[in-house]
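Q: Sharing a sequence plus its predicted fold:
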Amino acid sequence: MPAHSNETVPMVELTRGDVVECTHRGALAVVDASGRLLGAAGNPRHVAYLRSAAKPFQALPTVAAGALEHFGLDQRALALMCASHHGTEEHVQICQQILDTIGLDVGALRCGVHWPIDEGASRRLAAAGLEPDARHNNCSGKHAGMLTLTRFLGLEDLDYTQPDHPVQRAILERLCALTDLMPAEIPTAPDGCTVPAFALPLASMALAFARLIDPDAPADCRRATAAMQAWPHLVSGHGALDDQLMRAGAGSIVSKGGAEGYQGIGIRTPDGRSVGLALKIEDGNARAKGPMIVAALDSLGLVDAEVLARLEPLRRPAVVNHRQQVVGEVRAVAAIEDRG
């Protein structure tokens with residue numbers, strides 16, 4: 001594998017009829033919990049921003065501190081803290097419950113405002129003559145989790161979104177522990193919701209996800225994994241990629257996607273290994289993620305036949321026109337090098 005950074009390869013094709021209309025390039029790394037590289041496509045050291053794939057790790061300091069127990073918050077609240085949620089009424093209700101429990105209102109959220117990702121929720125909001133607020137932001141659960149820790153530590157007078165805030169420093173420290181990197185090795189920049197976003201090699205993020213799902217992981221990792229697996233639709237939305245992957249995994253997969261074509265997955269393999277997968281689609285198009293993930297899980301034998309069968313709709317999704325006629329497909333084409 002070439003050593004120079006940021007090499008990507010053709011990963012996924014979209015066809016229309018017999019012609020390849022579009023090709024998505026990317027890179028992928030698969031490692032075990034010791035950091036051993038098991039598989040790769042493109043350069044496994046490709047550096048990319050995790051974006052929202054970091055959310056489970058951003059929730060860990062809140063869990064480790066005992067803030068959830070202190071405020072009486074449950075696993076559904078924790079799932080939302082790990083989420084890029086779709087802004088449904090259920091998502092908003094849980095976010096509000098967190099705020100009510102810690103004694104804050106929606107004005108404390110500094111994530112900004114956008115319309116719900118869920119089209120039905122957006123239509124219902126508009127039909128009621130209402131505008132979205134910060135609770136509808138897909139990152140509001142993450143921010144509510146950060147505010148929970150801020151309140152627990154008595155730091156509510158400080159801006160929790162700033163890199164030097166104790167909550168953000170605790171998050172970076174936890175991410176370093178799970179990736180075996182030093183803080184200076186992880187570039188940061190403001191994410192879409194204002195808090196720091198992290199950039200690191202794919203293999204390092206795959207390591208973090210392998211350790212997140214490991215049954216011998218610290219209690220904060222085990223609790224976050226359990227919450228996400230128990231409430232996968234709260235982590236995204238019904239039928240979204242994370243929801244599909246975790247439901248199909250039935251306890252063997254924890255999954256969190258990020259913007260611009262990023263995906264992190266932790267897997268408990270049929271032979272009992274803890275494995276992490278990190279994927280970056282170079283052009284940021286999320287439609288390429290599902291086929292590539294299924295191809296990697298299959299070719300490296302990371303899940304059993306029952307899980308693969310449940311994931312089959314993601315393998316070669318149809319391209320349809322506005323009359324719902326099938327006119328092509330999206331398919332993985334990258335050869336995954338087996339290093340295991």
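A: Yes, it's here.

Q: for the most centrally placed residue in the chain, what are its contacts?
A: In the chain, the centroid-proximal residue (CA atoms, centre = their mean) is Lys256; its distance is 2.0 Å. By CB atoms under 8 Å, 6 or more residues apart in numbering, the residues touching Lys256 are 52-56, 82, 84, 228, 235, 242, 263-265. In this view, the C-beta of every residue, glycine as well, is placed from N, C-alpha and C.

Q: redo that, cut-off 6 Å
A: Residues near Lys256 by CB atoms under 6 Å, 6 or more residues apart in numbering: 53, 55-56, 264.

Q: where are the low-confidence patches of the stretch 1-150 of the chain?
A: Counting by pLDDT under 70, the stretch 1-150 of the chain contains low-confidence ranges at 1-6.

Q: Just the helices from it, written as ranges.
A: Applying DSSP state H, counting those that start in this stretch to the stretch 1-150 of the chain gives helices spanning 55-64, 67-71, 75-81, 89-102, 119-127, 140-152.

Q: Now the shortest one: buried residues?
A: Neighbour-count burial for helix 67-71 flags 67-68, 71 (criterion: 16 or more other CB atoms under 10 Å).

Q: Which neighbouring elements make contact with the helix or strand that Arg222 is a member of?
A: In this structure, Arg222 is located in helix 219-230 according to DSSP states H and E. With contacts taken as 3 or more CB pairs under 6 Å, 6 or more residues apart in numbering; DSSP states H and E, helix 219-230 sits against helix 55-64, helix 75-81, helix 202-213.

Q: max-length strand in this protein?
A: Taking DSSP state E as the criterion, the chain has its longest strand at strand 19-32.

Q: roughly how far out does that one sit from the chain middle?
A: Mean-position distance between strand 19-32 and its chain equals 18 Å (CA atoms, centre = their mean, to the nearest Å).

Q: Name the strands paired with that strand and say parallel or antiparallel.
A: Its sheet considered, strand 19-32 pairs with strand 9-16 (antiparallel), strand 37-41 (antiparallel), strand 274-281 (antiparallel) by DSSP bridges.
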